[in-house]
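In: 3D, please:
(one chain, ligands or ions: 2)
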Amino acid sequence: MTTDTRSMTATRQGNQAGLPERFNLLAQLLHWTMAAAILAMLFIGVAMMTSLTWRPRMLDLHQPLGIAILLLVIVRLVNRLRHGAPALPADLPRWQVMAATASHWLLYGLMFSLPLLGWGVRSAGGWPVTMLAGVTLPPIAPVDPVWYAVLRDAHGLLAWLLFAVVLMHLSAALMHAWVRRDGVFSSMTPAGLHRRYRGNPGSD
Ligand code: HEM
Ligand code: HEM
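Out: Ligands and ions are numbered 1, 2, ... in the order given. Take a look at the predicted model:
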């Protein structure tokens, strides 16, 4: 196999299957904005639980940012279901394709359920969910100590699961970018960013 042929087979197969080579701009914008917001949320959540001094200020930030994530993931899901995703490289082992698909849907599930659970924790505790400018959201769970305990545990556990899946996702993304150099990483970045690699289709 020549270098050219090898790099072609290892490159993302989007065009050949009639699928896009990259996620559309909205998907890319939402992916990177939400990645920053979610990482911030994980740290804000931990700060909230470990410092009584910081807790009120962190909670004021945690709630509107979490609800923003809930709204953005709905836009993201609609965009994803309407426009699909680029195909993965044809030579990617089957287990990796399955792991990527499963972990992406798990990430969507967590981005959706975590804010709802957080909202539920506040509701079950009898507290309002306060947005910026003092706007409050209606409760979504009954005020009840058992509900509160269950939702609180579920929110904490799923937050840690999200952290673990994000770490695996990050490792896989960097493996594609630096080791396989197969176009998977660049499918989540604007085309212009990779102009300097033109002429070498296997680069990422
Ligand atoms: C993607 C969105 C979210 C992420 C990643 C996230 C993450 C976290 C984390 C890491 C903690 C600390 C958990 C622990 O150490 O046990 C936490 C606690 C908490 N979160 Fe969230 N959260 C999100 C959304 C929300 C939303 C939307 C609300 C409310 C509207 C909320 C309300 C809370 C509350 C009240 C706690 C403290 C619970 C307690 O006192 O034990 N969260 N969150
Ligand atoms: C909180 C952090 C993150 C979350 C929740 C997240 C979530 C996701 C999801 C759900 C997808 C699948 C998109 C789809 O099929 O519609 C995706 C794809 C992708 N993400 Fe992330 N991501 C995060 C952070 C990162 C980071 C830090 C990187 C890189 C360093 C990264 C690189 C990528 C790449 C390259 C893809 C495309 C993979 C593919 O098509 O198979 N992500 N991400």
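In: tally of neighbours for Ile74?
Out: 12 (other CB atoms under 10 Å). Backbone N, C-alpha and C define where each C-beta goes, glycine included.
In: Tell me who's in contact with it.
Out: Listed by CB atoms under 8 Å, 6 or more residues apart in numbering, the contact partners of Ile74 are Phe112.
In: just the strands in this protein please.
Out: Counting by DSSP state E, the chain has strands at residues 129-130, 136-137.
In: Relative to ligand 1, which of those is closest?
Out: strand 129-130 (4.3 Å; CB to the nearest ligand atom).
In: residues making contact with the closest one?
Out: Residues outside strand 129-130 that contact it (CB under 8 Å, 6+ apart): 60, 63-64, 67, 119, 122-123, 136-137.
In: what about the nearest residue to Asn79 once chain neighbours are set aside, how many neighbours?
Out: Nearest residue to Asn79, sequence neighbours excluded (CB to CB, 6 or more residues apart in numbering): Leu26, at 5.2 Å. For Leu26, the neighbour count with other CB under 10 Å is 14.
In: ok so, going back, want to throw the strands of the chain into CSV with mean neighbour count and mean pLDDT?
Out: Below are the strands of the chain laid out as CSV (neighbours: other CB atoms under 10 Å; pLDDT from 0 to 100):
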stretch, mean neighbour count, mean pLDDT
strand 129-130, 18, 94
strand 136-137, 14, 96
